[in-house]
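Undergrad: mind folding the following:
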Amino acid sequence: MKSKTFRIGGVHPEENKLSNDAVTKQAPLPKQAVYPLSQHIGAPAKAVVKEGDKVKVGTMIAEAGGFVSANIFSSISGTVIKVGDVLDVSGAMKPGIVVQRDGEGNVWEESIDRSEKLERLESHPELTPEEIVSRIKYAGVVGMGGACFPTHVKLSPPPGAKADCVIINGVECEPYITSDYRLMMEKPDELIEGLKILMAAVKVDKGYIGIEDNKPAAIKELTEKLQRRGISNIEVVPLQKKYPQGGEKQLIDAVIGRQVPAPPAIPINVGAVVQNAGTAVAVYEAVMKRKPLFERYTTVTGKQLSNPSNYLVRMGTSFAELISLCGGMPDGDNKVLAGGPMMGRAVPSIDVPVGKGQNSITILSGKDAVRKEPQPCIRCAKCVSACPMGLEPFLLAKGAVMEKWDMLEHEDVTSCIECGSCQFTCPAHRPLLDDIRKGKGTVTGIIRSRTAPAPAAKPAPTAKADAQAAKPAPSKPMNTVPKPFVEPKDIDFSGPKQNPVPEIKSGPKPAVMPANWPK
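TA: Next up, the predicted model:
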């Protein structure tokens, strides 16, 4: 059978799957676990513990701060020593919780089923769609591919939207990362049961597992599992090796041939619900084992790293602890990424913690760690050909630099999936993705401000307020008296923010004689 793929754009970066054959190992529990309260898209979670509280593995330490939010659970047993600002992968100090391990730190909540028995959906008729979503929501499950969108929100479609199928994203097209591949090889039954649970939650009868054809062992393993168990409504779909095939919209196009329109359209509008392979396993554990999300598969990799590996990591473990397990930081200049080289972001310190979306820690060394000097755009349009969303990255990047927000909105900058294909293929080494991210963030904020609720009406004035209003306002110092703004008539505001350079005309200037000069 011929492998499928998406229709528009795409690139073929070097794979560098250095840890493909490294069997996943349990990482040691951290002595201190750090939990930022913003490990997901949406409102930050709210701490429900205080300093001095004792917690176990699986104890809720922060509850969702809204519908689009997620609960957070302790990954070790110990004592809460801090509820305050902590350093996260963005380099900013943000609200978080720190737990100090007591002893071995592995005392679990009694409600969690730690047995290895495979629980099948057919054996649990009590699991209605509502109960499934409720358990997933309580467990704090989010998208494990990196986006970290709360899973219960995806399983609660807006009125009028109806899913036709659930697609599991087993593509893992980002270079270096192998955590999803190892999970598919090591937990295929749990993944299949997780998919069946997701299908039941959105009331559909068809499921797909999309896997790129550079992972033949995973394709074979899951296909044979489905055949042996007589499951005919779930299909493994081999896909061509092309980046960014793991993008939600690209995966839907490749698997079922439907294209998701520009925002505000979402996958459910074309009848698809997409979940990551790791998310499917987390859903199985949340629903069948009552196990909250407090650990995940993570790849630690790099060309100069002594021992690239895959680990089952408890949340809150520092990057430094995992890097030391792989032989330590290589000599020379290094750049440490949270994620892969295409979409990952450099971290300011290796003391930052692993969170729910941390599928990889990638170390770029030597020349790979240094950006090449940007050159002027040569108008080759390679970025246009590579863009999987059919956008014009060179135009979006220039518009962001020039702060042309209206133009960016008109050119659909919010459709950008930030895959980095444009920057990867640019022969002039332009920082296209950096500039587009800035523009997309600003335009998204402008759009949201239009739909924000109007401010509350001011209360009716009272007699006291009327009397105060009648008093003359205190005078301000001269240099702070507001003046009306008069827009200059001789400056073209269509260009960059900087003042334009005046045009210099060559040649002699005509003489101007005074009016009273004798003739």
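
Undergrad: okay, CA-based contacts and neighbour counts for the rest of this
TA: Fine.

Undergrad: pLDDT weak spots in this protein?
TA: Across the chain, the ranges flagged by pLDDT under 70 are 1, 454-519.

Undergrad: show me where it has helices.
TA: All helices of the chain, identified by DSSP state H, fall at 129-138, 151-154, 179-186, 188-201, 216-228, 248-256, 277-288, 319-325, 382-386, 393-401, 405-410, 421-425, 432-451, 463-470.

Undergrad: out of the ones you listed, the one nearest N169 is which?
TA: Closest approach to N169 among these (CA to CA): helix 277-288, 5.6 Å.

Undergrad: compute the inter-axis angle for that closest one and helix 179-186.
TA: On the basis of axes from the mean of the first three to the mean of the last three CA atoms, to 10 degrees, helix 277-288 is oriented at 50 degrees to helix 179-186.

Undergrad: does anything pack onto helix 277-288? Which helices or strands?
TA: Counting contacts by 3 or more CA pairs under 8 Å, 6 or more residues apart in numbering; DSSP states H and E, helix 277-288 packs against helix 129-138, strand 165-169, helix 179-186, helix 188-201.

Undergrad: try it again at 10 Å.
TA: Packed against helix 277-288, as judged by 3 or more CA pairs under 10 Å, 6 or more residues apart in numbering; DSSP states H and E, are the following elements: helix 129-138, helix 151-154, strand 165-169, helix 179-186, helix 188-201, strand 207-212, strand 295-301.

Undergrad: just how off-centre is the third one within its chain?
TA: For strand 165-169, the distance from its own C-alpha centre to the chain's C-alpha centre is 18 Å (CA atoms, centre = their mean, to the nearest Å).

Undergrad: now do the contacts for V86.
TA: Neighbour list for V86: 34-37, 92-98, 352-353 [criterion: CA atoms under 10 Å, 6 or more residues apart in numbering].

Undergrad: circling back to that earlier point, out of the helices of the chain, deepest packed?
TA: With neighbours defined by mean count of other CA atoms under 10 Å, none of these is more surrounded on average than helix 277-288, at a mean of 27.

Undergrad: so how far is it from its chain's centroid?
TA: 19 Å.

Undergrad: could you do stretch 165-182 as well?
TA: Stretch 165-182 sits 15 Å away from the centroid of its parent chain (CA atoms, centre = their mean).

Undergrad: same question for stretch 398-414.
TA: Its chain's C-alpha centre and that of stretch 398-414 lie 22 Å apart, by CA atoms, centre = their mean.

Undergrad: spatially central residue in the protein, please.
TA: Nearest to the mean C-alpha position of the chain, by CA atoms, centre = their mean, lies A147 at 2.8 Å.

Undergrad: relative to S449, how far out is the nearest residue to that one once chain neighbours are set aside?
TA: For A147, ignoring the flanking residues on the chain, the nearest one in space by CA to CA, 6 or more residues apart in numbering is G357 at 6.7 Å. The spacing between G357 and S449, counted by CA to CA, to the nearest Å, is 28 Å.

Undergrad: minimum distance to E119: which of the helices of the chain has it?
TA: Closest among these, using CA to CA: helix 277-288, at 6.3 Å.

Undergrad: quick revisit: what remains of the contacts of V86 if I keep only buried residues?
TA: Among these, those scoring as buried are 34-37, 94-98, 352-353 (criterion: 16 or more other CA atoms under 10 Å).

Undergrad: I81: what's it in contact with?
TA: I81 touches 32, 50-54, 97-101, counting by CA under 10 Å, 6+ apart.

Undergrad: circling back to that earlier point, take the buried ones among the contacts of V86 and keep only those in strands.
TA: The members of the buried ones among the contacts of V86 that map onto strands under DSSP state E are 34-36, 94-98.

Undergrad: quick check, nearest of those to E122?
TA: Minimum distance to E122 across those is 36.0 Å, recorded for Y35 (CA to CA).

Undergrad: isn't that closest one right next to A62, touching?
TA: Yes - contact criterion CA atoms under 10 Å: Y35 and A62 qualify, at 9.4 Å.

Undergrad: overlap in contacts of these two?
TA: Counting by CA under 10 Å, 6+ apart, the common neighbours of Y35 and A62 are 72-74, 96-97.

Undergrad: can I get those in JSON lines including distance to V281?
TA: Below are the shared contacts of Y35 and A62 laid out as JSON lines (distance: CA to CA, whole Å):
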{"residue": "I72", "distance to V281": "18"}
{"residue": "F73", "distance to V281": "17"}
{"residue": "S74", "distance to V281": "19"}
{"residue": "G96", "distance to V281": "26"}
{"residue": "I97", "distance to V281": "26"}
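
Undergrad: which one of the residues you listed is nearest P427?
TA: Nearest to P427 among those is G96, at 41.7 Å by CA to CA.

Undergrad: what about the residue nearest to that closest one when sequence neighbours are not counted, distance to A280?
TA: Among residues not flanking G96 along the chain, P36 sits closest, at 4.1 Å (CA to CA, 6+ apart). Note on P36: its distance to A280, by CA to CA, is 24 Å.

Undergrad: tell me the contacts of R430?
TA: Listed by CA under 10 Å, 6+ apart, the contact set of R430 reads 371-377, 394, 397, 422-424.

Undergrad: quick one, phi psi at P158?
TA: Here is the backbone geometry of P158 (degrees, to the nearest 10): phi -70, psi 160.

Undergrad: what count of nearby residues applies to it?
TA: Residues near P158, counting by other CA atoms under 10 Å, number 11.

Undergrad: wait, it touches A265, no?
TA: No - counting by CA under 10 Å, P158 stays clear of A265, with 11.4 Å between them.

Undergrad: and the nearest residue to K54 once chain neighbours are set aside, how far is that from K31?
TA: Closest residue to K54 apart from its sequence neighbours, by CA to CA, 6+ apart: T79 at 4.7 Å. Per CA to CA, T79 is found 11 Å from K31.

Undergrad: what about those two, which has more around it?
TA: Neighbours per residue (other CA under 10 Å) separate T79 from K31, with T79 holding more: 20 against 16.

Undergrad: and the more buried one, what are its bridge partners?
TA: On the basis of DSSP bridges, T79 is bridged to K54, Q100.

Undergrad: surely it and E51 touch.
TA: Yes - look at T79 against E51 with CA under 10 Å: they come within range, at 7.7 Å.

Undergrad: now do the shared contacts for those two.
TA: 98-99.
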